[in-house]
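1. Got a predicted model here, sequence first, then my questions.
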Amino acid sequence: MNDAHALALFRRYPQLADRIPWRLLGRWPTPLETVSADPGCAWLGIKRDDLSGGAYGGNKVRKLEFLLAEALARGCEGVITFGTAGSNHALATAVYARALGLECHLMLTRQAVTSAARRNLLNGFHHGAQLHGFDTEEAAAAASTELLRSDAGSRLMAIPGGGSAPLGCLGFVNAALELGEQLAAAALPPPDLIYLPLGTTGTLAGLQLGLRLAGLDTRVVAVRVVREDVAEPARWRRLYGQTRALLAPDVPGIEALPDADHGLRTRHDFYGPGYARYTPEAMAACNRARELAGIGLEGTYSGKAFAA
């Protein structure tokens, strides 16, 4: 099944479906659940992207529907991507590349040793990914360049870490339009704030653009969970502009939308001692989410954002 009507993006701009490669991998729309909240908060909603896929959920499914479709459209036989040893993006790429019959190479660097990292690493191997380990990101980049230059590399497509490319950002342009439809159907007001983890910035760039297209005057609070050089503002501004340019031929007036930083606040105070290093605040937030809504968060990304 590859029904373009499954996406709010294509319902809103049907002409895009003829131009933008896409393969259905997830379950859309993901539920928007309202939960009890502390006094002073009219309503607290959680967008359940953890339920986005049967094989493996989370926010990466939205990006991979476009990125892996592009690999197939190019006639590639596989993909290569990047992350740390416990990367959720790397694992999601392995899972869905295999589902589409694509070979998968994961260029992985060191991170803090946790049970979650071990689980993701083993699951990537279980799903047939070829794992390549490196001490530094520079070494991973150099090895990937050599691989792409080789005979085998001629049939591979590179996907940036986190899936943070303009095509991947479309997944979160769609998420914002999807949210707008759900709010209207439930007669709920637009949220004042949306909190999300800030990593490789593709989710932020797509969401910022999508909120403007949906007509939602909602501010985003991006909670940094990676090193500052990974989440640098220049990156999300560039992705925002590239994604806007990608849509421009079929989306009238898109160039007049506010810039990437409109209504945005970034928080750096919940990062803690390092990437994938759990903090007391994040673990307390995970417990609070379980109490409020029976939802299991994790300490690297969603727990830190919920703590904020």
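-> Perfect, I can see it now.

2. how about the nearest residue to residue 6, chain neighbours excluded?
-> residue 28 (5.1 Å; Cβ to Cβ, 6 or more residues apart in numbering). Heads up, the C-betas are built off the backbone N, CA and C, glycines and all.

3. now the strands for the protein?
-> 32-35, 44-47, 78-84, 103-109, 130-134, 156-158, 193-198, 219-224, 264-267 (DSSP state E).

4. where's the residue nearest to residue 6 relative to residue 131, distance?
-> 30 Å (Cβ to Cβ, to the nearest Å).

5. ok so, going back, show me what contacts the residue nearest to residue 6?
-> Neighbouring residues of residue 28 by Cβ atoms under 8 Å, 6 or more residues apart in numbering: 6, 7, 8, 52, 178.

6. Spatially, which two of these are the most separated?
-> 8 and 52 (13.9 Å; Cβ to Cβ).

7. give me the number of residues near the residue nearest to residue 46 when sequence neighbours are not counted?
-> With Cβ to Cβ, 6+ apart as the criterion, residue 46 has its nearest non-adjacent residue at 5.2 Å, and that residue is residue 33. Per other Cβ atoms under 10 Å, the neighbour tally for residue 33 reads 14.

8. Please look at residue 33 and residue 43 and confirm they touch.
-> No - using Cβ atoms under 8 Å, residue 33 is not in contact with residue 43; the gap is 10.6 Å.

9. Flag every buried residue along the helix ranked longest in the chain.
-> Once the chain is assigned using DSSP state H, the helix that runs over the most residues is helix 166-185. Residues 166-180, 182-183 are the ones in helix 166-185 that count as buried (16 or more other Cβ atoms under 10 Å).

10. which residues of this protein score low on pLDDT?
-> 1-2, 36-39 (pLDDT under 70).

11. And the helices in it, which stretches?
-> 8-12, 60-73, 88-99, 115-126, 137-149, 166-185, 202-213, 233-247, 280-293, 302-307.

12. Can you tell me what sits against stretch 89-103?
-> 23, 25, 53, 55-56, 58, 60-61, 64, 68, 71-72, 76-79, 81-84, 104, 106, 108, 120, 123-124, 127-130, 156, 159, 161-163, 200.

13. if you set the cut-off to 7 Å instead, what comes out?
-> The contact list for stretch 89-103 (Cβ atoms under 7 Å, 6 or more residues apart in numbering) reads 23, 25, 55-56, 58, 60-61, 64, 68, 71-72, 77-79, 81, 83, 104, 106, 108, 120, 123-124, 127-129, 159, 161-163.

14. And for stretch 145-160?
-> 67, 70-71, 74, 76-82, 93, 105, 144, 165.

15. Can I have the buried ones of those as a ChimeraX selection?
-> Buried residues within these, by 16+ other Cβ under 10 Å, are selected in ChimeraX with:
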select :67,70,71,76,78,79,80,81,82,93,105,144,165
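
16. just the contacts of stretch 145-160 now: which is nearest residue 266?
-> Nearest to residue 266 among the contacts of stretch 145-160, with distances taken as Cβ to Cβ, is residue 165, at 21.2 Å.

17. dump the residue contacts of that closest one.
-> Counting by Cβ under 7 Å, 6+ apart, residue 165 has contacts 67, 159, 202.

18. and the gap between the last one and residue 165?
-> Same thing as residue 202. 7 Å.

19. overlap in contacts of the two?
-> Contacts common to residue 202 and residue 165, judged by Cβ under 7 Å, 6+ apart, are absent.

20. my guess is residue 272 meets residue 279, correct?
-> Yes - contact criterion Cβ atoms under 7 Å: residue 272 and residue 279 qualify, at 3.8 Å.

21. picking up where we left off before, what residues does the longest helix of the chain touch?
-> With Cβ under 7 Å, 6+ apart as the criterion, helix 166-185 contacts 7-9, 12, 20, 28-29, 32, 47, 62-63, 65-67, 70, 190, 202-203, 205-207, 209-211, 213-214, 216, 239, 242-243, 246.

22. likewise stretch 262-269?
-> Against stretch 262-269 from outside (Cβ under 7 Å, 6+ apart): 198, 208, 219, 220, 221, 222, 223, 224, 308.
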